[in-house]
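# Here is a sequence with its predicted model. Questions after.
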Amino acid sequence: MSVTKSSDCFQWTRRLSHPGLKNKADMKEITLRRSSSEKKLAKEKKKERKEKSRSVHFDGNGGGLSIQPISIIGDKKVPAGAEEITDSPGSPVTPSETSDDIRAKKNNTFMWTLKSKMKKRKTGRDESVNGNEGDDEGFESSPEKAPTGNVKLMNEDELEIDNGTDTVDATDGDEVEVKTATGMTAEEKDEILNKSPYFRVEVSILCGRELIAMDRGGTSDPYVRIMQGEEELHKTVEKKKTVNPVWNDQSNVYIENPFTPLTFQVFDKDVVGSDDFMGLSEFDLTSCEISKSQEVTLHLEDGEDEDLIRKNKKKKTLGYIIVRLVLSPLTKEEYNEILRSQKDGKGGKQLRLTGVVHVLLVQARSVIAMDGGTSSDPYCKVTLGKEKAKTKVINNTLNPKWREAMDLFWYEELDDFIDIALFDHDVGGKDDRMGRVAIDLRQLSKEVSHNLWRPIKDGEGMLNVIITISGTTKADSPSNLSNWNPDPQHLQQLEEKYRVANTFYKMKDVGHLIVKVIKAQGLHSADLGGKSDPFAALEIVNDRVHTQTEYKTLAPVWQKVFTFDVRDINDVLELTVYDEDKEHKYEFLGKIMIPLMRIKNGEKKWFKLKDKSLRKKAKGDDPQILVEMNVYWNPIRASLRTFNPKQLKYEDKSDTKFKFATFNKNVNRVKAATADMVDPEVAIRELKSILNWENKAKSAGAFIGYLLGVWFFQPWMITFGLLFPFIGNMVLLSVTGGWNKDSDEEEEEEA
């Protein structure tokens with residue numbers, strides 16, 4: 001038997017392995033260290049040799065005493081009376097052994113020595129890793145003795161396979177028993193598959209074997225696509241020039257229906273033209289254990305593809321791919337959190353969204369003067385965890401009015417305080433800090449707008465801000481319709497509260513509104529994949545709440561309920577649907593405006609969404625939203641509130657940018673209105689006559705009139721000019737007696 005030693009397994013001696021050894025002179029000074037077990041064994045052997053060496057002659061005539069070899073590395077005993085024959089140094093052989101026995105014994109000795117050395121190397125490496133490099137406990141064991149300790153030798157037929165999930169006994173090729181740790185019954189598994197709204201499939205595409213060669217060189221450039229129905233869930237990278245690719249591709253795909261099988265399609269990547277189909281295989285997800293890893297081998301089929309059948313003339317197998325899958329159920333909240341994190345591109349620890357904080361910075365009063373002690377150029381920086389936003393700069397004022405809104409994601413794992421810092425803007429220098437305001441979000445109720453006035457710390461003045469925590473996704477959220485179980489007595493209390501008999505109890509409390517936002521359908525696809533990420537925002541003047549975002553759908557189901565305190569019965573409920581994009585950017589999908597006076601209590605109704613102008617229907621497939629509303633109000637309080645000025649809406653979303661299309665539209669409207677009043681050709685001819693000074697008096701009068709008009713004209717003069725024909729007609733009727741003319745003519749006609 002020939003054994004080839006690898007270069008990385010060189011047999012260093014004990015002395016050469018010493019870390020401080022540099023030359024042979026140093027080797028002489030090094031003594032062999034011996035452990036306590038070695039010393040004890042050596043003492044026992046020495047004592048035994050001393051007793052046996054008293055009457056033993058080493059020429060073989062021992063006076064009837066048999067010669068028994070002594071070895072410090074073992075305790076092999078030779079039967080009494082047997083003469084030993086030494087074939088080689090250190091290898092005693094008895095005369096009764098034949099040449100075949102001697103050769104077999106030498107082979108066994110050599111194999112055991114090789115195994116012992118390999119074991120010693122492995123032990124040395126393990127001890128080196130554990131920090132015990134250089135320690136050597138005892139000598140080698142004897143070749144004839146079985147190894148002691150917790151060492152278990154296994155043949156190839158007795159291998160234990162452990163992939164970290166199921167235990168597979170590979171000794172029997174016919175029956176393989178897989179024991180799962182879940183202990184789940186078939187009924188429980190079916191209940192999870194039927195009731196869970198979403199599922200995550202952790203797919204690891206490991207490798208492929210014996211795939212068909214699609215290129216001329218006898219190779220392919222294979223990659224795998226994971227499909228469910230017509231939807232592509234994932235795609236691996238291609239492996240160049242191989243029919244035995246190793247992808248080791250890991251991905252998570254999310255599905256709604258586990259009863260639709262996954263299809264693994266293998267293609268050959270081509271630089272020019274379409275990719276060649278190499279086969280497919282389907283996998284039934286219902287065969288997976290819930291939340292357990294399962295490694296499967298999927299044999300590819302041609303899928304009745306004519307090109308592949310023509311290519312595979314010899315009807316060889318198309319090969320197989322090895323895949324590992326884990327099927328896990330997800331709640332609706334978990335699914336939305338995953339999609340949100342994917343959209344934001346956030347890695348690292350998965351954070352659970354508490355809600356979306358809508359911050360409306362209204363104004364500040366009496367802030368500190370930073371510019372020469374007379375004024376400031378204040379602006380605000382808003383921080384919540386890792387979320388940051390900034391307002392515009394208001395120049396030369398100590399009472400700035402920003403009226404600017406922003407949305408911030410609130411993760412309770414990061415921070416619970418929203419920090420608003422005020423700065424004075426300086427051109428060409430560092431901005432000066434004017435103070436700060438910190439607000440604890442845990443003290444604020446969710447799904448309710450809070451109008452707050454807070455003193456500015458480390459500065460002067462007060463800050464006015466409206467904060468709303470909305471878009472909550474937790475199961476215990478008060479806005480979830482599943483948690484809305486009002487007591488019938490509560491509704492009776494509302495009706496009693498706003499009865500006419502209780503009018504003078506709380507005069508400013510006009511009414512109470514309950515809005516249930518159930519679902520929408522037919523929305524416009526705002527994303528590239530033909531889907532949208534819609535949410536609905538509800539506003540009554542400065543009170544604003546919104547639903548959670550439903551990702552990748554055109555028919556979202558929100559199931560939310562919100563309540564508002566009505567301060568004016570003449571207000572309007574604005575319900576707007578947006579598509580959520582990255583960095584808190586939104587895209588308009590539709591809008592409706594419902595006057596509170598027109599609400600019918602308890603009516604569940606579909607409202608058609610309109611565009612921004614509220615004149616045409618919104619984009620999409622007849623987009624609609626299903627809403628149910630109830631309003632309770634006191635008519636006398638509402639009537640008295642009508643005499644007060646209407647509440648100002650701070651968050652102005654009007655689009656004030658110049659649009660050339662709107663300008664052309666208005667010009668055309670003016671032309672259409674004046675078409676019958678002035679002939680364009682006559683007006684152009686008169687204008688040319690004035691500009692060319694054909695009539696000096698007319699041109700001079702026009703010139704003087706133009707100068708006076710530019711110098712003295714004010715916009716109010718246009719409406720004031722209408723008084724002249726009105727007063728002129730009144731004077732004319734008074735002079736001519738036209739006031740009584742109509743009555744005289746009527747008497748003549750009656751006669």
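Arrived safely, thanks for sending. The shown structure was predicted, so the numbers you read here are calculated from the model rather than taken from an experiment.

# Going by C-alpha atoms from here, please, whenever you check contacts or count neighbours.
Noted.

# which residues sit in contact with N483?
476-477 (CA atoms under 8 Å, 6 or more residues apart in numbering).

# Against V357, how distant is it?
Going from N483 to V357 by CA to CA, to the nearest Å gives 22 Å.

# try V731
Distance from V731 to V357, counting by CA to CA: 66 Å.

# Between the two, which is the more surrounded one?
V357 (23 against 13; other CA atoms under 10 Å).

# could you measure that one against E550, distance?
18 Å.

# And for D527?
Look at D527 and E550: by CA to CA, they are 13 Å apart.

# Tell me which of the two has more neighbours.
Applying other CA under 10 Å to D527 and E550 shows that E550 carries more neighbours, namely 24 against 14.

# you'd agree the more buried one is up against V577?
No. Using CA atoms under 8 Å, E550 makes no contact with V577, being 11.5 Å away.

# shared neighbours of the two, which are they?
In contact with both E550 and V577: 534-535, using CA under 8 Å, 6+ apart.

# Report the buried residues of the host helix or strand of K591.
If you go by DSSP states H and E, K591 is part of strand 586-595. Residues of strand 586-595 classed as buried by neighbour count (16 or more other CA atoms under 10 Å): 588-593.

# cool, stretch 639-652 as well?
641, 650.

# Kindly report the same for stretch 388-407.
Those would be 388, 391, 393-394, 397-407, for stretch 388-407 by 16+ other CA under 10 Å.

# Inside strands: which ones of those residues?
388, 401-407 (DSSP state E).

# Among those residues, which pair sits farthest apart?
The distance between the two most remote of those (CA to CA) is 20.1 Å, for K388 and K401.

# now whatever helix or strand L573 lives in and strand 586-595, what's the angle there?
Assigned by DSSP H and E, L573 belongs to strand 572-580. Relative orientation of strand 572-580 versus strand 586-595 (axes from the mean of the first three to the mean of the last three CA atoms, to 10 degrees): 160 degrees.

# Next up, the contacts around E238.
The neighbours of E238, taking CA under 8 Å, 6+ apart as the test, are 221-224, 268-269.

# confidence score at the closest residue to it other than its chain neighbours?
Setting aside the residues directly before and after it, E238 is nearest to Y223 in space (CA to CA, 6 or more residues apart in numbering), at 4.4 Å. Note on Y223: pLDDT of 94.

# Let me know the closest of the contacts of E238 to S366.
Nearest to S366 among the contacts of E238 is V224, at 65.9 Å by CA to CA.

# Which helix or strand contains the closest one?
Going by DSSP H and E, V224 is part of strand 222-228.

# Give me the contacts around that strand.
By CA under 8 Å, 6+ apart, strand 222-228 touches 232-240, 242-243, 245, 260-269.

# again with stretch 363-382
Counting by CA under 8 Å, 6+ apart, 388-403, 418-426, 432, 434, 459-465 sit against stretch 363-382.

# Now do the buried residues in it.
Across stretch 363-382, burial judged by 16+ other CA under 10 Å covers 363-365, 367-370, 375-380, 382.

# pLDDT averaged over the strand holding L573, what's the number?
Strand 572-580 comes out at a mean pLDDT of 94.

# ok, and what's touching that strand?
Outside strand 572-580, the residues touching it (CA under 8 Å, 6+ apart) are 526, 532-541, 549, 586-596.

# now stretch 305-314
212, 214, 277-279, 302, 315.

# just to revisit the earlier point, CSV for the buried residues of stretch 363-382, including pLDDT?
Shown next, in CSV, are those (pLDDT from 0 to 100):
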residue, pLDDT
Q363, 94
A364, 95
R365, 94
V367, 93
I368, 91
A369, 90
M370, 86
S375, 88
S376, 92
D377, 92
P378, 94
Y379, 95
C380, 95
V382, 95
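
# is it true that K241 touches S220?
Yes. The criterion here is CA under 8 Å, and K241 meets it with S220 at 5.0 Å.

# Who has more neighbours out of these two?
Neighbour count, other CA under 10 Å: between K241 and S220, S220 has more, with 26 against 17.

# is it true that that one touches R209?
No. In this structure S220 lies outside contact range of R209 using CA under 8 Å: 12.0 Å.

# one step back: and the contacts of stretch 305-314, which of them are buried?
Buried subset of those (neighbour count, 16+ other CA under 10 Å): 212, 214, 277-279, 302.

# In helices, which of those fall?
Among the buried ones among the contacts of stretch 305-314, no member falls in helices (DSSP state H).

# Which pair of those spans the longest distance?
M214 and D302 (13.5 Å).

# what's the overlap in contacts for those two?
M278.

# what's the helix or strand for Q489?
helix 488-497.

# From the contact counts, what lies against that helix?
Using 3 or more CA pairs under 8 Å, 6 or more residues apart in numbering; DSSP states H and E as the contact test, no helix or strand touches helix 488-497.

# returning to that earlier point: identify the contacts common to S220 and R209.
Listed as contacting both S220 and R209 by CA under 8 Å, 6+ apart are V243.

# Quick check, pLDDT for S220.
pLDDT, S220: 91.

# List phi and psi for it.
When read as degrees, to the nearest 10, the backbone of S220 gives phi -140, psi 170.

# Do you have the helices of the stretch 151-300 of the chain handy? List them.
186-195 (DSSP state H, counting those that start in this stretch).

# Start from the N-terminal end of the stretch 451-600 of the chain and give the strands.
Ranges of strands within the stretch 451-600 of the chain are 462-470, 511-521, 534-540, 543-546, 557-566, 572-580, 586-595, based on DSSP state E, counting those that start in this stretch.

# Those strands into TSV, with extra columns for distance to S477?
Below are the strands of the stretch 451-600 of the chain laid out as TSV (distance: least, CA to CA, whole Å):
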stretch	distance to S477
strand 462-470	10
strand 511-521	14
strand 534-540	16
strand 543-546	13
strand 557-566	10
strand 572-580	21
strand 586-595	24
